[in-house]
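Enquirer: let's see this in three dimensions:
(2 chains)
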2 protein chains.
Amino acid sequence: MSKPLILITNDDGITAPGIKALVEIAQELGDVVIVAPDSPQSGMGHAITLDSPLRLHKTQAFPTLEAYECSGTPVDCVKLAKNVICKDRQIDLCVSGINHGSNAAINILYSGTLSAAMEASLESIPSIGFSFLDYRYEADFSVARKQIKAIMQHVLTKGMEAGSLLNVNIPHLPADEIKGIKICRQADARWVEDYAEAKDPRGRKYYWLTGRFINDDPGTDTDVAALEAGYISVVPSHHDLTNYKALHNGTLQQLEGKTVVGD
Amino acid sequence: MSKPLILITNDDGITAPGIKALVEIAQELGDVVIVAPDSPQSGMGHAITLDSPLRLHKTQAFPTLEAYECSGTPVDCVKLAKNVICKDRQIDLCVSGINHGSNAAINILYSGTLSAAMEASLESIPSIGFSFLDYRYEADFSVARKQIKAIMQHVLTKGMEAGSLLNVNIPHLPADEIKGIKICRQADARWVEDYAEAKDPRGRKYYWLTGRFINDDPGTDTDVAALEAGYISVVPSHHDLTNYKALHNGTLQQLEGKTVVGD
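Expert: Residues are numbered from 1 along each chain as shown, chains lettered A, B, ... in the order given. Sure thing, here's the model as predicted:
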């Protein structure tokens, strides 16, 4: 039986330590194709490049592997992998990361790492986004090696509902202090932002985003709660943003009669 | 009673005709603040600017109104509006658009227009993204004037569940052929992509995204179905991407025992 084909991408760029850790694990489970941005793309969300051409080059960042760097966003990388590089091959799993920093809770919306995994899921490729709650370049990405491998093995063996992905976050703890894996829902947390305001060398004002993360969600079944308790959080996610509660509560239906309304 | 404060943004840029149409309608309902990108930002999704400073300037694009152009993404515009421009004012409604082109189905993920509305919803500001299925610059944005006003009035009067937004799409039809408003769920449609491959004047290869939209969703209760039947589609949406079906079906829970797994 042929080995599964695993597509690997990220948003920190192809030279980031996090993707290296993921490639090492994936190589134990299948054949690997790497397509990642040629520069950091943090906070790019589900951005795609529409109005300019994309560059795609084979890279020696992983000399023994099939690896490409792309001038676009993480989502562009997945689209090019599916439609150009692996045009005649079936991708069995897409893994994105390991991101340098948390993508728990609403950070899934801002994250290029998770948007790449989401894009793969839109193409019906089972996919997983991995993030580590240690922002530092020198972070030790090996702490959750075994659990990352177990999660990938699980998806390769059991498959995944079409259109689904997993959002996996790893607490910033030594390996022997990680308590295990928890399957959770996305916490309803938020950012409280502030803008640093300053003047550039030419005297023109600029703003720079800063902020702090606040978890108001009292649930013990959330990804943020699991991480705080020392667990690796796994949130099954999808691309259906419909608010079914609001859809069925009847309030909006009052609008349906308003074909013609007066001024 | 003071008039409600309405924040207006878009992703096509502050000079696009679509935002002008929205401003005209909003002015009839409240006080208006406009904060929009200084250049087109289509396809930017939920991207935010983390690694560079943002510029924000008062603009004469709307000479009689409080209007700002911003160097960042649509989400940046909403964050700056909330945290800098309207720091001491309560924003009662955020409207984004009118986008030049559809944001039905999964296009909500790629759309800067809808991501701006989503960002407002994360800040508990009731919000609506409007899109018109006519891509052309000279599109007649007045066709759904009355319905757009009715939807905005509905939200200003009835409010909206915290964390919610409405994704409104308008069919490309003359005003008298629009059948009315339908409250729907997001269609599970997809893009089939293709990349145009060519060489630049220096002989280097590039790729340019093209694609066609496919609706495989057989439901008659979707936004795509409503639009095809001549209705304005309204999808109540939110930021919780948890796949609750996958969360509760028990398969993933098999991972929870795997605190330590062998190689």
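
Enquirer: tell me which stretches of chain A form helices.
Expert: For chain A, the helices defined by DSSP state H cover A:17-27, A:74-80, A:107-110, A:112-122, A:145-158, A:223-228, A:244-248.

Enquirer: okay, the ones you listed in JSON lines with distance to A:G45, mean pLDDT and mean neighbour count next?
Expert: The C-beta positions use only the backbone N, C-alpha and C, and glycine is treated the same way. What follows is the helices of chain A, written out as JSON lines (distance: least, C-beta to C-beta, whole Å; pLDDT from 0 to 100; neighbours: other C-beta atoms under 10 Å in any protein chain shown):
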{"stretch": "helix A:17-27", "distance to A:G45": "18", "mean pLDDT": "96", "mean neighbour count": "21"}
{"stretch": "helix A:74-80", "distance to A:G45": "9", "mean pLDDT": "96", "mean neighbour count": "29"}
{"stretch": "helix A:107-110", "distance to A:G45": "5", "mean pLDDT": "93", "mean neighbour count": "25"}
{"stretch": "helix A:112-122", "distance to A:G45": "5", "mean pLDDT": "95", "mean neighbour count": "30"}
{"stretch": "helix A:145-158", "distance to A:G45": "23", "mean pLDDT": "96", "mean neighbour count": "19"}
{"stretch": "helix A:223-228", "distance to A:G45": "18", "mean pLDDT": "97", "mean neighbour count": "23"}
{"stretch": "helix A:244-248", "distance to A:G45": "23", "mean pLDDT": "93", "mean neighbour count": "15"}
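
Enquirer: just put these in CSV and tack on distance to chain B.
Expert: Listed next are the helices of chain A as CSV, based on distance: least, C-beta to the nearest C-beta, whole Å:
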stretch, distance to chain B
helix A:17-27, 10
helix A:74-80, 6
helix A:107-110, 5
helix A:112-122, 6
helix A:145-158, 4
helix A:223-228, 9
helix A:244-248, 4
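
Enquirer: so which of the ones you listed gets nearest A:H172?
Expert: For these, the distance to A:H172 is smallest for helix A:223-228, at 8.8 Å, taking C-beta to C-beta.

Enquirer: for that closest one, packing partners?
Expert: strand A:164-170, strand A:231-238 (3 or more C-beta pairs under 8 Å, 6 or more residues apart in numbering or on different chains; DSSP states H and E).

Enquirer: C-alpha coordinates for stretch A:216-227, PDB please?
Expert: Extracted in PDB, the C-alpha atoms of stretch A:216-227 (Å, rounded to 0.1, in the frame of the first residue of the first chain):
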ATOM      1  CA  ASP A 216     -15.000  36.000  29.500                       C
ATOM      2  CA  ASP A 217     -16.300  32.500  28.600                       C
ATOM      3  CA  PRO A 218     -17.100  30.700  31.900                       C
ATOM      4  CA  GLY A 219     -17.300  27.300  30.200                       C
ATOM      5  CA  THR A 220     -14.900  24.500  31.400                       C
ATOM      6  CA  ASP A 221     -15.400  22.800  28.000                       C
ATOM      7  CA  THR A 222     -13.500  25.400  26.000                       C
ATOM      8  CA  ASP A 223     -10.100  25.400  24.300                       C
ATOM      9  CA  VAL A 224      -8.900  28.200  26.600                       C
ATOM     10  CA  ALA A 225     -10.000  26.300  29.700                       C
ATOM     11  CA  ALA A 226      -8.300  23.100  28.500                       C
ATOM     12  CA  LEU A 227      -5.000  25.000  27.800                       C
END
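
Enquirer: hmm, who's touching that stretch?
Expert: With contacts defined as C-beta atoms under 8 Å, 6 or more residues apart in numbering or on different chains, stretch A:216-227 is touched by A:102, A:104-105, A:133, A:167, A:169, A:171, A:182, A:184-190, A:215, A:232-233, A:235.

Enquirer: ditto for stretch A:137-149
Expert: So stretch A:137-149 is contacted by A:17-18, A:20-22, A:25, A:28-29, A:98, A:100, A:130, A:132, A:134, A:168, A:170, A:172-175, A:178, A:180-181, A:232, B:258-261, B:263 (C-beta under 8 Å, 6+ apart).

Enquirer: tell me the contacts of the residue nearest the centre of chain A?
Expert: Residue closest to the mean C-alpha point of chain A, counted by C-alpha atoms, centre = their mean, is A:L114 at 1.6 Å. By C-beta under 8 Å, 6+ apart, the contact list for A:L114 reads A:S96, A:N103, A:N107, A:I108, A:G129, A:S131, A:L165, A:N167, A:S237.

Enquirer: highest neighbour count among the residues you listed?
Expert: With neighbours defined as other C-beta atoms under 10 Å in any protein chain shown, the most crowded of these is A:S96; it has 35 neighbours.

Enquirer: identify the bridge partners of it.
Expert: A:T9, A:G129 (DSSP bridges).

Enquirer: quick check: it touching A:S131?
Expert: No - checked against C-beta atoms under 8 Å, the pair A:S96 and A:S131 is beyond contact range at 9.2 Å.

Enquirer: common neighbours of those two, please.
Expert: The contact lists of A:S96 and A:S131 share A:T113, A:L114, where a contact means C-beta under 8 Å, 6+ apart.

Enquirer: quick revisit: just the helices and strands packed on helix A:223-228: most buried one?
Expert: Among those, strand A:164-170 has the highest mean neighbour count (mean count of other C-beta atoms under 10 Å in any protein chain shown), at a mean of 28.

Enquirer: that one packs against which elements?
Expert: helix A:112-122, strand A:127-132, helix A:145-158, helix A:223-228, strand A:231-238.

Enquirer: distance check, A:K87 against A:P37.
Expert: Taking C-beta to C-beta, to the nearest Å as the measure, A:K87 falls 20 Å from A:P37.

Enquirer: more neighbours, the two?
Expert: A:P37 (26 against 9).

Enquirer: isn't the more buried one right up against A:E69?
Expert: Yes - the pair A:P37 / A:E69 is scored as a contact, 7.1 Å apart, by C-beta under 8 Å.

Enquirer: between these two, what contacts are shared?
Expert: A:I14.

Enquirer: residues contacting A:S71?
Expert: A:S71 neighbours (C-beta under 8 Å, 6+ apart): A:P37, A:D38, A:L54, A:R55, A:L56.

Enquirer: re earlier: name the nearest residue to the residue nearest to the centre of chain A, sequence neighbours excluded.
Expert: A:G129 (4.2 Å; C-beta to C-beta, 6 or more residues apart in numbering or on different chains).

Enquirer: would you confirm that the one you found contacts A:E119?
Expert: No - counting by C-beta under 8 Å, A:G129 does not reach A:E119; the two are 10.6 Å apart.

Enquirer: got phi/psi on the residue nearest to A:H238 when sequence neighbours are not counted?
Expert: Closest residue to A:H238 in three dimensions, ignoring its sequence neighbours and counting by C-beta to C-beta, 6+ apart: B:N243, at 4.0 Å. Main-chain torsions, B:N243, degrees, to the nearest 10: phi -90, psi 90.

Enquirer: pass me the low-pLDDT residue ranges in chain A, would you?
Expert: A:1, A:258-263 (pLDDT under 70).

Enquirer: redo that, cut-off 90
Expert: A:1-2, A:40-46, A:50-52, A:135-138, A:161-163, A:189-194, A:211, A:216, A:249-250, A:257-263 (pLDDT under 90).
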